[in-house]
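Peer 1: Pasting the sequence and the predicted model now:
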Amino acid sequence: DVKVTQSSRYLVKRTGEKVFLECVQDMDHENMFWYRQDPGLGLRLIYFSYDVKMKEKGDIPEGYSVSREKKERFSLILESASTNQTSMYLCASSLRSTNEKLFFGSGTQLSVL
Amino acid sequence: GQQLNQSPQSMFIQEGEDVSMNCTSSSIFNTWLWYKQDPGEGPVLLIALYKAGELTSNGRLTAQFGITRKDSFLNISASIPSDVGIYFCAARSGTYKYIFGTGTRLKVLA
């Protein structure tokens, strides 16, 4: 089975802190994604990567950056956390050939105080 | 920007009832998807649709790709308690990019 693992299930940070969210997949998928999920807004794409060291902005990239140094790992970075970044963050991966089938991690609930 | 609007936002139904939900947009898409998110988990793909007018089933679930290519529909027949969760539509908006809808939260009363 494909496994997408997010490093933390719950995270509490303070305003202004630098925050790293880590995601690892074990199925050699080319594509990786970061979404945030907020009630009433659904899932919104922050960034995605279709290859190592490649990244593309999604719909809401402001305040975030990403890193993909290895194929299996995709990191989301909040340079200076703010309270409006309190949210559920979901990582996903997919094969390039069947890219509509996204495999999601269980999510990281981030609270910024 | 492109948006997918789902309705209803939430629904309570009795076990055994049929359920219908839909997803609409002002934009045209070439691929529509339906995902389900169980509590505490990430979404899982249920059905993928690739052609306008297409009707595809997965067990008790049936989804349709609207002929205008601006909407999609999901039906669940004879609902059971494990159908509870959030259902998301999604549409392909780029080579690797998918946008998701606002979600329909389903609660099933036994």
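Peer 2: Thanks, I have the structure now.
Peer 1: what does chain A put close to chain B?
Peer 2: A:4, A:31, A:35, A:40-45, A:48, A:50, A:56, A:58-59, A:90, A:92, A:94, A:96, A:99-107 (CB under 8 Å from any CB of the partner chain). The C-beta positions use only the backbone N, C-alpha and C, and glycine is treated the same way.
Peer 1: do that again at 10 Å, thanks
Peer 2: Counting by CB under 10 Å from any CB of the partner chain, the residues of chain A close to chain B are A:4, A:6, A:9, A:30-33, A:35, A:37-45, A:48-50, A:56, A:58-60, A:88, A:90-92, A:94, A:96, A:98-107.
Peer 1: Can you go through those residues and name the buried ones?
Peer 2: Listed as buried from the residues of chain A next to chain B are A:4, A:6, A:30-33, A:35, A:37, A:42-45, A:48-50, A:56, A:58, A:88, A:90-92, A:94, A:99-107; burial here means 16 or more other CB atoms under 10 Å in any protein chain shown.
Peer 1: Filter the residues you listed down to the ones in strands?
Peer 2: A:4, A:6, A:31-33, A:35, A:37, A:42-45, A:48-49, A:56, A:88, A:90-92, A:94, A:103-104 (DSSP state E).
Peer 1: Please identify which helix or strand holds the residue of chain B found nearest chain A.
Peer 2: Going by CB to the nearest CB, chain A is nearest to B:Gly42 of chain B, at 2.7 Å. In this assignment (DSSP states H and E), B:Gly42 forms part of neither any helix nor any strand.
Peer 1: what pLDDT does residue 61 get?
Peer 2: Unless you meant another one, I'm taking chain A. pLDDT recorded at A:Pro61 is 96.
Peer 1: could you do chain B instead?
Peer 2: Looking at B:Leu61, the pLDDT reads 97.
Peer 1: Would you quantify the distance from the residue nearest in space to the middle of chain A to B:Ser79?
Peer 2: Geometric centre of chain A, nearest residue: A:Trp34, 2.9 Å, by CA atoms, centre = their mean. As judged by CB to CB, to the nearest Å, A:Trp34 and B:Ser79 stand 32 Å apart.
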